[in-house]
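J.: predicted coordinates and the sequence they were generated for:
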Amino acid sequence: MKTLYLVRHAKASLDNPLERDLDRPLIESGIKRTRQVIEYLHKKQASVDLILSSPAVRAFETASYIAHALHYPTENIKIERTIYTGDTDKIADLFYDLSKKIGSLMIVGHNPSITNFANLLLPEPIDYLPTSGLVCLQFEAKTWDEIWQAKIITNFVVSSRMIKDDKGE
């Protein structure tokens, strides 16, 4: 079995119009929402063997918060430029070089590509993955390049709003 977590970065600053898109940091509400998603991951006893992140500051910060919470060394987060610039095909290409020893993979990226990529795999497409949103899929496959033909199980699709609403807040 292979497990894939697809994460859209947390809410980022739009305050400085002169700031490059790549350099936009998270804002406090984005960090708070990511913490809610992390609590959910803890309840699901999630773990990751590899985290791939877009080079954008907001994506890497999101990946770092999650990595720290899941006891994954932040220095082992691998930056993949194609997660920032690429479309679904470029993201799919990342799977062909993955070691079969990696049982669980997390990709932290951006919309629309992260939602579009999730929809390639989800049996029921989603309209939009919000900031700090997370999709978790399992594949009955031994290697990552087999996932395209494997049986897919949707473990969960969650956002901080869904978690908040589920708590009755």
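T.: Nice, I can see it. Numbering: from 1, shown residues only.
J.: which residues does the residue of the chain positioned farthest from its centre contact?
T.: Distance from the centre of the chain peaks at Leu18, with 27.3 Å (CA atoms, centre = their mean). Listed by CB atoms under 8 Å, 6 or more residues apart in numbering, Leu18 has no contact partners. C-beta coordinates here come from the backbone N, C-alpha and C atoms, glycine included.
J.: and the pLDDT at it?
T.: For Leu18, the model assigns a pLDDT of 80.
J.: how about Ala56?
T.: 97.
J.: what do you get for Arg161?
T.: Looking at Arg161, its pLDDT reads 77.
J.: give me the nearest residue to it, chain neighbours excluded.
T.: Nearest residue to Arg161 in three dimensions, chain neighbours excluded: Pro130, at 6.8 Å (CB to CB, 6 or more residues apart in numbering).
J.: helices of the protein, start to end?
T.: With helices called from DSSP state H, the chain shows them at 28-43, 57-69, 81-85, 88-93, 113-121, 160-166.
J.: of those, which is nearest Ala12?
T.: helix 57-69 (3.8 Å; CB to CB).
J.: so the residue farthest from the centre of the chain versus Arg24, what's the distance?
T.: 11 Å (CB to CB, to the nearest Å).
J.: and for Asp49?
T.: Distance of Asp49 to Arg24, computed by CB to CB: 29 Å.
J.: compare neighbour counts for those two and give me the winner.
T.: The neighbour comparison of Asp49 against Arg24 (other CB atoms under 10 Å) goes to Arg24, with 19 against 16.
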